[in-house]
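In: can't give you the sequence, but here's the structure:
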């Protein structure tokens, strides 16, 4: 990964979740945040750039930090945008936002569940490389996820960026505006503590633009999985899970 990356920020609720996915989650995860009509949100994805996983490196499952028990994780295939100065989008790539949902969706006052469920070393892969405007029509990009387990493909589905709620070029300003709205009301939780530079996200910020897929419970992450996020316009991001 290019050492020019300064931070990685994830976006939530940028894609319309299908009714079938909502109904399934209502049975499987009553605490999942996509059940209602949620507003835009963001979160810090890694504490430092060195925590990012590159193509062909390992994503890392974590345990419950309090009990050391195994917890649910799922994969989130996403398009990522790379910012230059003053929020100019200078490149695109792919990302896998590995989320410890067993922690993330538990309401807590004594610690930040979003930070615990989203931000640890090995929780985010980015790659295989950066591409520019040649990526094509941003309203019609295919983003796909393939999960291989025990040498069999157990999941292979995709979504189109045309189903997003907000244009990618608006996301940087939306993140900054939301940051200031929160800061003026409450003490910022760790998941909201991002870097700014003169009212802008600094150049070298990568934004994960959200996902249009929610994997079924049988495809929640397991040690030994081989996970591929792929798009014809960008390539393949491949990671094993440990």
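Out: All right, it came through fine. Just so we're clear, the structure is a prediction, and the values are computed from it rather than from any experiment.
In: Checking residue 171 next. Helix, strand or coil?
Out: helix (DSSP: H, G, I helix; E, B strand; the rest coil).
In: Can you name the residues that contact it?
Out: By CB atoms under 8 Å, 6 or more residues apart in numbering, the contact set of residue 171 is 11, 14, 81, 207, 209. Just so you know, the C-beta spots here come from the backbone N, C-alpha and C atoms, and that holds for glycine as well.
In: center of this protein, which residue is that?
Out: residue 97 (3.5 Å; CA atoms, centre = their mean).
In: Might you report the residue contacts of that one?
Out: Residue 97 is in contact with 10, 45, 75-76, 78, 118, 123-124, 208, 211, counting by CB under 8 Å, 6+ apart.
In: Could you count how many residues lie near the closest residue to it other than its chain neighbours?
Out: In space, and not counting its chain neighbours, residue 97 is closest to residue 76: 3.9 Å by CB to CB, 6 or more residues apart in numbering. Neighbouring residues of residue 76 were enumerated by other CB atoms under 10 Å; the total is 23.
In: wait, is residue 228 part of a strand?
Out: Yes - the assignment for residue 228 is a strand, going by three-state DSSP.
In: just checking, the residue nearest to residue 97 touches residue 98?
Out: Yes - taking CB atoms under 8 Å as the definition, residue 76 is a contact partner of residue 98 at 7.5 Å.
In: Let me see the confidence value for residue 116.
Out: Listed pLDDT for residue 116 reads 89.
In: what about it, helix or strand, and which?
Out: In this assignment (DSSP states H and E), residue 116 forms part of helix 113-118.
In: in that helix, what's buried?
Out: Along helix 113-118, these residues count as buried under the neighbour rule (16 or more other CB atoms under 10 Å): 113-118.
In: Give me the contact list for it.
Out: Helix 113-118 is contacted from outside by 10, 43-45, 65, 97, 99-107, 189-191, using CB under 8 Å, 6+ apart.
In: let's see 7 Å
Out: When contacts are defined by CB atoms under 7 Å, 6 or more residues apart in numbering, helix 113-118 is touched by residues 10, 43-45, 65, 99-101, 103-104, 106-107, 189-191.
In: Measure how far it is from the centre of its chain, please.
Out: With CA atoms, centre = their mean, to the nearest Å as the basis, helix 113-118 stands 12 Å off its chain's centre.
In: for the chain, which spans come out with low pLDDT?
Out: Applying pLDDT under 70 to the chain picks out residues 1-3, 17-38, 106-110.
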